[in-house]
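Trainee: predicted model and sequence below, questions to follow.
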Amino acid sequence: MKKSILMIALALLASASFSTVSAGKKKDKKAEQTPVVQPVQLKNGSDTLSYLAGMYMTEGLIPYIQQQGVDTAYMAEFVDGFKKAISDMTPQQKAHIMGMQIASQVRDGMLPRMKKEFTETPDSLIDEVLFRGFVDAITNDTTVITQKKAVDAFREKQTWNKNEKEERLYGPNREAGRHYLDSLKADTSIIRTESGLMYKVLTQGEGEVPQKTDKVLVNYEGRLVDGTVFDASAKHGDKPATFRADQVISGWTEALTMMPVGSKWQLYIPYELAYGNRNMGNIKPFSTLIFDVELVGIDKPKAEQAEGEKAETKQSVKKSVGKKTSKK
């Protein structure tokens, strides 16, 4: 950042010195037409502060204007435009400059992002027609449609195109998941909850059941319905994964808050309780997921853990005393 500031300063000073020296020499006609840049004179503290402030404001400017598509080989034109803008401008000139700025944002920012959204959809965006709609809206030309109705119509077409794209690309994925879950209905060892979560108890633990806000320790392996393993705790080290029970997909949260510590369950999670229509890389939209989940423990704060152990000790003492009393 500071290097760019220094380079601008040196360029300005060099330009000023060159112009001053060349003014006293014989020049050709082209050189005589070049405006003379007077050397900077900093006469007092305010001058110094002001000059430094001006240079300070350029910190990060060069990378920014490069990002906006400006070639730094044309900095003289940039400076010329800057000087014109800071001088007194008519309302018409201000409007013209604002139009150019907005055009740059639309052409280089908004339009590419919107085009990406409509990739592989039935409809696509045509630059010239889009720009015409933009201009008609800001000039209140309602020959085709009003701006308000256009916004509503665009959102409707946006949703329609998105749904068509999802159905074409991932509809078969959703149906494969449904067929898989249907095939499990005959297995009487599999339990189904009201939400649609299905699970099989492989090992039933006898420990504490986590609350939603508890941090749990879990070993797991996740698969797609075709058997592809997309993730496993073993891939991230030899220790169980640790997270809050309510900071995972809803199918996991529901299962974890029913599992006693020490349990190992196999979960069958429909896409509605997993990642829905989101694309998660190896997990495509509408994916039904299968997990082997082992709840190793609950990671509680030390003070809370000590209090729990104390309570368990008291309970054990009471049981022991009760047994001795009953023998007498």
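Mentor: Thanks, I have the structure now. Numbering: from 1, shown residues only.

Trainee: going forward, measure contacts and count neighbours with C-alpha atoms only.
Mentor: Fine.

Trainee: which non-adjacent residue is nearest Lys264?
Mentor: Glu294 (4.2 Å; Cα to Cα, 6 or more residues apart in numbering).

Trainee: quick one: buried residues of stretch 272-290?
Mentor: For stretch 272-290, burial by neighbour count (16 or more other Cα atoms under 10 Å) applies to 272-276, 283-290.

Trainee: got those as TSV, with distance to Arg107 and secondary structure columns?
Mentor: TSV is the format used below for the buried residues of stretch 272-290 (distance: Cα to Cα, whole Å; DSSP: H, G, I helix; E, B strand; the rest coil):
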residue	distance to Arg107	secondary structure
Glu272	38	helix
Leu273	39	helix
Ala274	37	coil
Tyr275	34	coil
Gly276	33	coil
Ile283	34	strand
Lys284	32	coil
Pro285	31	coil
Phe286	34	coil
Ser287	36	coil
Thr288	40	coil
Leu289	41	strand
Ile290	45	strand
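
Trainee: just these now: which is nearest Tyr199?
Mentor: Ile290 (9.3 Å; Cα to Cα).

Trainee: and the average pLDDT for stretch 166-174 is what?
Mentor: Per-residue pLDDT over stretch 166-174 has a mean of 94.

Trainee: my error: substitute stretch 285-293 in the last question.
Mentor: Stretch 285-293 comes out at a mean pLDDT of 97.

Trainee: quick one: end-to-end length of that stretch, please.
Mentor: 22 Å (Cα to Cα, to the nearest Å).

Trainee: verify the stated contact: the residue nearest to Lys264 with Met259.
Mentor: No: at 9.1 Å, Glu294 and Met259 do not qualify as touching, with contact defined as Cα atoms under 8 Å.

Trainee: so between those two, which is more surrounded?
Mentor: Taking neighbours as other Cα atoms under 10 Å, Glu294 and Met259 compare with Glu294 leading, 25 against 22.

Trainee: and the helices in the chain?
Mentor: Shown for the chain, the helices assigned by DSSP state H span residues 2-23, 29-32, 45-56, 61-67, 75-86, 91-105, 111-117, 127-138, 147-183, 250-256, 302-327.
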